[in-house]
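*Asks:* Okay, predicted coordinates and the sequence, questions at the end:
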Amino acid sequence: MVVKKRVTYARPVPDGERKRASYHHGALREELLEACVRLVESEGIGAVSLRRVAREAGVSPGAPYHHFPDRAALLAAISTRGFQQLAVEMETARSGADGFRAKLLAMVAAYVEFARRHRAYFQLMFRPELSEPEKHPDARAAGDAAFAVLTGVVAECGAADPDGLAVSLWAFGHGLASLAIDGQLGRRGDLWNLSEDELIERAMRFLDSVLD
């Protein structure tokens with residue numbers, strides 16, 4: 001009697017499973033953060049859930065829970081990273097300018113440009129009802145550290161009202177940034193035959209004249 005040898009065939013591994021198998025602990029967290037940012041950029045904050053982020057990252061639905069217990073924890077981690085990067089860019093702008101006035105202008109300009117380049121981060125950083133900073137102290141600390149870059153220079157420049165100056169500069173930069181990422185500057189510029197860049201440049205020149 002001839003015994004036929006049973007032949008088994010390897011099951012093809014889907015790309016998603018192959019991707020999941022390749023992750024190590026730190027890489028998975030990083031990919032989840034990047035996937036969430038991509039989702040916010042493409043569909044808005046309302047589209048974010050741990051399940052949707054897992055799908056975007058190509059991992060199992062339960063994978064995000066190894067790093068983030070809930071949606072707010074994920075958004076808080078992105079907010080923290082955004083503030084940390086903002087602090088770096090403002091510090092770089094401060095270091096590259098000479099004189100208090102130039103440093104203040106450079107930091108405001110860096111604030112606006114950060115928002116324009118990193119819209120998803122900026123949209124999350126100032127939504128405490130989403131990231132719940134009271135439950136995630138790292139996000140609050142990162143925000144305070146970014147603001148301290150500005151207030152540190154203001155404190156040294158001898159302003160009569162340093163607190164008022166710091167808040168005014170922050171409000172000026174944040175207003176420009178918000179109008180830019182919401183598309184309002186572009187629409188207004190169309191009416192005046194000015195580009196968004198030209199409107200921001202004019203606003204910065206006005207701020208320069210006020211600080212003079």
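*Replies:* Ah, there it is.
*Asks:* secondary structure class for the residue nearest in space to the middle of the chain?
*Replies:* In the chain, the C-alpha nearest the mean C-alpha coordinate belongs to Tyr121, at 2.0 Å (Cα atoms, centre = their mean). The three-state label given to Tyr121 by DSSP: H, G, I helix; E, B strand; the rest coil is helix.
*Asks:* Find the residue closest to it in space, skipping its chain neighbours.
*Replies:* Gly82 (3.4 Å; Cβ to Cβ, 6 or more residues apart in numbering). Glycine gets a C-beta too; all of them are placed from N, C-alpha and C.
*Asks:* by contact count, what packs against the helix or strand the one you found falls within?
*Replies:* Assessed by DSSP states H and E, Gly82 sits inside helix 71-95. Where contact means 3 or more Cβ pairs under 8 Å, 6 or more residues apart in numbering; DSSP states H and E, helix 71-95 is packed against helix 25-43, helix 50-57, helix 100-117, helix 119-125, helix 128-131, helix 137-156.
*Asks:* Single out the most deeply packed of those.
*Replies:* Burial of the helices and strands packed on helix 71-95 is given as mean neighbour count (mean count of other Cβ atoms under 10 Å); helix 119-125 ranks first at a mean of 22.
*Asks:* Could the C-alpha coordinates of that one be exported in CSV?
*Replies:* Extracted C-alpha coordinates of helix 119-125, given in CSV (Å, rounded to 0.1, in the frame of the first residue of the first chain):
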residue,chain,number,x,y,z
ARG,A,119,-2.4,71.8,11.9
ALA,A,120,-3.5,68.5,13.5
TYR,A,121,-1.3,69.1,16.5
PHE,A,122,-2.4,72.7,16.9
GLN,A,123,-6.0,71.8,16.8
LEU,A,124,-5.6,69.3,19.6
MET,A,125,-3.3,71.2,21.8
